[in-house]
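Structure, please.
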Amino acid sequence: MSPNPFTGRVGFIGCGAMARALAGGLVSAGVSADRICGSDPDAAQRDAFRDAVGSQVSEANTTAVESSDVVVLAVKPALVRPVLEELAGTGSLERPLWVSLAAGVRIASIEAALPDGTRIVRSMPNTPAQVRCGATAICGNAATRPADMETANTLFAAVGITWQAPDENALDAVTALSGSGPAYVFLFLEALEDAGVALGLPREASAMLALQTVSGAAQLARERGSSPAELRQQVTSPGGTTQAGLESFRADDFRAAVGRAVEAAAKRSVELSREDG
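Numbering: from 1, shown residues only. Now for the predicted structure:
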């Protein structure tokens, strides 16, 4: 991996799995651990962050804010407001760039708890960021500058790919597609594995073959650069086994089922955002 060009100091409020993934990705990409710090009231989470990243940790969130150029809000959505309210009046909160990882928490909600003019980037990462294969969408508020968006892009590039959304509403679709998407893939893996077992394969062999098939297919699509439709056609011989399986998917309206699932997730994302507001 090429050196990450991020040169500032970053503090994480919340030391959970996603914070550890992002901070660890930065360190792996060449960012010095002494330019990263984490805060969390949970001692076990602090210890896990320190062990994974090699950075300083603190129980006080003020430490992560005062010493950082970028502050990453890595707490559960329900804790965003209480955390920000506790920080009110504790220093120059408008100085750093704030990056939120909290799903469903809209920018306006964060703005309401921070001083006017605070630069805020809302992000929607996904769990594969934990293995440096994440997909993250980002969107900034009116106060952010191009340099701020580039900083956010640089941070998330340490754990995968990033996409800058044209507006915040697009994050509902991102949440439904790539945010929830890993669960859809895991469900498909489960189904493939169970189908293999039903046909007489040992569970261990079926699980291994299913996992490598999904992983290999994704890697092939990434490296070939062809569309999924083209790759599907290349592996489908007329009258063959693959065609028989695909025809069964068509009979069960597989595409529509996937579409309905993503639509349902997007609808719920909108509802959660409204509840937050």
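
what are the ranges of the strands in the stretch 51-200 of the chain?
Taking DSSP state E, counting those that start in this stretch as the criterion, the stretch 51-200 of the chain contains strands spanning 56-58, 70-73, 97-100, 120-124, 134-140, 160-164.

Distance from the chain centre to the third one, please.
Relative to its parent chain, strand 97-100 has a centroid offset of 14 Å by C-alpha atoms, centre = their mean, to the nearest Å.

From the contact counts, what lies against that strand?
Strand 97-100 makes packing contacts with strand 70-73, helix 107-112, strand 120-124, helix 146-157 when contacts are defined by 3 or more C-beta pairs under 8 Å, 6 or more residues apart in numbering; DSSP states H and E. Bear in mind the C-beta positions are built from the backbone N, C-alpha and C, glycine included.

Please repeat the previous calculation with a cut-off of 10 Å.
strand 10-13, strand 70-73, helix 107-112, strand 120-124, strand 134-140, helix 146-157 (3 or more C-beta pairs under 10 Å, 6 or more residues apart in numbering; DSSP states H and E).

Which residue ranges make up each domain of this protein?
Using automatic domain parsing, the domains assigned to the chain come out as 10-166, 181-273.

Now do the shortest one: distance to the chain's middle.
Distance of domain 181-273 from its chain centroid, counting by C-alpha atoms, centre = their mean, is 21 Å.

Same check on the longest one?
Taking C-alpha atoms, centre = their mean, one finds the center of domain 10-166 at 12 Å from the center of the full chain.

what distance separates the start and the end of that domain?
In domain 10-166, first residue to last residue: 25 Å (C-alpha to C-alpha, to the nearest Å).

before we move on, what about the last one?
In domain 181-273, first residue to last residue: 19 Å (C-alpha to C-alpha).
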